[in-house]
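1. sequence first, then the predicted structure, then my questions.
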Amino acid sequence: MNKWLRAGLSGLAGAVAVTLVHETVRRFYPDAPRMDVLGMRAIAKGMRYAGQTPPPDDTLHTWSMVGDIISNGLYYSLVGGGKKALAKGTILGAAAGLGGVLLPGPMGLGTEPSNRTRQTQALTIGYYLFAGLVSAAVAASLRKVRR
């Protein structure tokens, strides 16, 4: 299997993992991060900036989920394909988690969805770190398939 395919598949695995964790935990835990809300706000803000009216929240939520899978898949694809997948997955995951906590406020998206409590902050970082580790595990497994 070529390295580009391994990278893409490992990135997709990380993206699906982080999205599933977010969507599952938010339904049961009130202090869970709400990265879906940040995605919805980002889409709506961009549409308003372009002079468009954002769609209803259910449509925005669907767009946010699709956007998350695509953008996180591309991001976590940086883990796969080569050596040192575990180190790359750890670094990329931790960086994404920190970005999820630190960047929404300065971007004008609000801080509550990922910064509401210390638990919310820790979960945000943990989710993305988990996704990086999933990407690394898939990349390593696919690398072994090649041999």
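-> It's in.
2. now do the contacts for Val25.
-> For Val25, the contact set (C-beta atoms under 8 Å, 6 or more residues apart in numbering) comprises Ala32, Leu123. To be clear about C-beta, it is placed using only N, CA and C from the backbone, and glycine gets the same treatment.
3. kindly report the same for Ile125.
-> Counted by C-beta under 8 Å, 6+ apart, Ile125 has contacts Ala94, Gly97, Leu98, Gly100, Val101.
4. for it, give me the pLDDT.
-> pLDDT, Ile125: 97.
5. so which helix or strand takes in it?
-> helix 118-146 (DSSP states H and E).
6. low-confidence regions, the chain specifically.
-> 1, 81-82, 145-147 (pLDDT under 70).
7. how much space is there between Ile144 and Leu20?
-> If you look again at residue 144, you'll see it is Lys, not Ile. 24 Å (C-beta to C-beta, to the nearest Å).
8. between the two, which has more neighbouring residues?
-> A side-by-side neighbour count of Lys144 and Leu20, using other C-beta atoms under 10 Å, places Leu20 first with 12 against 8.
9. and the gap between the more buried one and Ala13?
-> Remark: distance between Leu20 and Ala13 (C-beta to C-beta) = 11 Å.
10. Tyr127 is in contact with Val18, correct?
-> Yes. In this structure Val18 lies within contact range of Tyr127 using C-beta atoms under 8 Å: 5.3 Å.
11. which one's more surrounded, these two?
-> Set Val18 next to Tyr127 and count neighbours by other C-beta under 10 Å: Val18 wins out with 29 against 25.
12. quickly find the element holding that one.
-> Going by DSSP H and E, Val18 is part of helix 3-25.
13. tilt between that helix and helix 118-146?
-> 150 degrees (axes from the mean of the first three to the mean of the last three C-alpha atoms, to 10 degrees).
14. next SSE downstream of helix 3-25?
-> Going down the chain from helix 3-25, the next helix or strand is helix 35-49, by DSSP H and E.
15. dump that following helix to CSV, restricted to CA.
-> Backbone C-alpha positions of helix 35-49 (Å, rounded to 0.1, in the frame of the first residue of the first chain) are rendered in CSV as follows:
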residue,chain,number,x,y,z
MET,A,35,-16.9,21.4,19.0
ASP,A,36,-20.0,21.0,16.8
VAL,A,37,-21.2,24.3,18.0
LEU,A,38,-17.9,25.9,17.2
GLY,A,39,-18.1,24.5,13.7
MET,A,40,-21.7,25.7,13.3
ARG,A,41,-20.6,29.2,14.4
ALA,A,42,-17.6,29.2,12.0
ILE,A,43,-19.8,28.3,9.1
ALA,A,44,-22.5,30.8,9.9
LYS,A,45,-19.9,33.5,10.5
GLY,A,46,-18.3,32.8,7.1
MET,A,47,-21.6,32.8,5.3
ARG,A,48,-22.6,36.1,6.9
TYR,A,49,-19.3,37.6,5.9
